[in-house]
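A.B. asks: I'll drop the sequence and a predicted model, then ask my questions.
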Amino acid sequence: MNVTKLLLQQAALNVLVALTMVQPGLAAMLADSSGEPNLLPQVLAYEPPPRGAPGDRKDAGSRDPHNFLALIPATNLGLTAIAHPTFWLYLPASLPDNIPFEFVLRDEQQEVVFRTVFELEKAAGIASFSLPPTSPPLETGKKYQWCFLCGNISRHGWVERVAMKPEILVQLETASLRERVLLLAKHGLWYETLTELVALRGKLLGQLQAATLEERLLIYAENDLRYEALAELCGFEKISSLATLDADWEALLQHPFVRLHGIVSPP
């Protein structure tokens, strides 16, 4: 048995011991009457800014093959702390072909700051567009209206760049990947929260795919996924991978949105 495997087994054992010491009997409390585990209560809570802006996310009921949704908070204004954020769309159905999308960014005086044409994958689901590094950076303290256009459909929202508080930067430096998502949501940074949550879920699913039990427990511990660790250690078979992150995803979409419940599935 090599040193790496010994360390992984020790780490997994430490997870179990720590969880048992902090919350004795928690394993028994995890199961409901059906014998399936319940989610632990620490789920993402997005705090939107106390102000809003006009926007357009629309329903997905149209039969227009170009129809799509904009993923924006109910306030229509999302905050960011970065110069080139990522914007998110939802395609309720696969596109019939590679159809060009247009993205336009305007300042508060409706002057065009940046405009480009790009293509999305035809598959239905979550899609994103990041402002390229060559585009003008968003200025701190200013609001911008962004707009996606495809065919005769347009969707728009607002973004405001804010300065990241020094204490938040310090916390982010030492936070786990999931703690970063929770922290960004707590401070209302919509674009970073959604972007990092999607990236975190995809990364962890890839890591877990070929991992042993000991390696899986170590991954859970490093990312504050106590529910998954306990569920596997207690032998629950009906859990889905990353159930806590799925709960974060549902909380993010159901709390700040008003029309996307039941329409958007996890990425």
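C.D. replies: That came through fine.
A.B. asks: which secondary element of the protein has the worst mean pLDDT?
C.D. replies: Evaluated with mean pLDDT, DSSP states H and E, the helix-and-strand set of the chain has its lowest mean pLDDT in helix 26-30, which scores a mean of 43.
A.B. asks: from the contact counts, what lies against the helix or strand that comes right after that one?
C.D. replies: Reading on from helix 26-30 to the C-terminus, the next helix or strand found by DSSP states H and E is strand 69-70. Using 3 or more Cβ pairs under 8 Å, 6 or more residues apart in numbering; DSSP states H and E as the contact criterion, the elements in contact with strand 69-70 are strand 86-91, strand 153-161. C-betas here are computed from N, CA, C, even on glycine.
A.B. asks: would you format those as a markdown table with distance to Leu69 and mean neighbour count included?
C.D. replies: Converted to a markdown table, the helices and strands packed on strand 69-70 look like this (distance: least, Cβ to Cβ, whole Å; neighbours: other Cβ atoms under 10 Å):
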| stretch | distance to Leu69 | mean neighbour count |
| --- | --- | --- |
| strand 86-91 | 4 | 20 |
| strand 153-161 | 7 | 20 |
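A.B. asks: quick one: closest of these to Lys186.
C.D. replies: Taking Cβ to Cβ as the criterion, strand 153-161 is the member of the helices and strands packed on strand 69-70 that comes nearest to Lys186, at 17.4 Å.
A.B. asks: for the closest one, packing partners?
C.D. replies: Counting by 3+ Cβ pairs under 8 Å, 6+ apart, strand 153-161 packs on strand 69-70, strand 77-80, strand 143-150.
A.B. asks: ok so, going back, can I get the helices and strands packed on strand 69-70 in TSV with distance to Leu131 and mean pLDDT?
C.D. replies: Below are the helices and strands packed on strand 69-70 laid out as TSV (distance: least, Cβ to Cβ, whole Å; pLDDT from 0 to 100):
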stretch	distance to Leu131	mean pLDDT
strand 86-91	8	88
strand 153-161	10	90
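A.B. asks: need these in a markdown table (columns: distance to Leu225).
C.D. replies: As requested, the helices and strands packed on strand 69-70 are exported to a markdown table (distance: least, Cβ to Cβ, whole Å):
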| stretch | distance to Leu225 |
| --- | --- |
| strand 86-91 | 23 |
| strand 153-161 | 30 |
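A.B. asks: and those strands: which comes nearest Arg106?
C.D. replies: Nearest to Arg106, of all the helices and strands packed on strand 69-70, is strand 153-161, at 9.1 Å by Cβ to Cβ.
A.B. asks: please name whichever of the helices and strands packed on strand 69-70 is nearest to Asp246.
C.D. replies: Proximity of the helices and strands packed on strand 69-70 to Asp246 was assessed by Cβ to Cβ; the nearest stretch is strand 86-91, lying at 16.6 Å.
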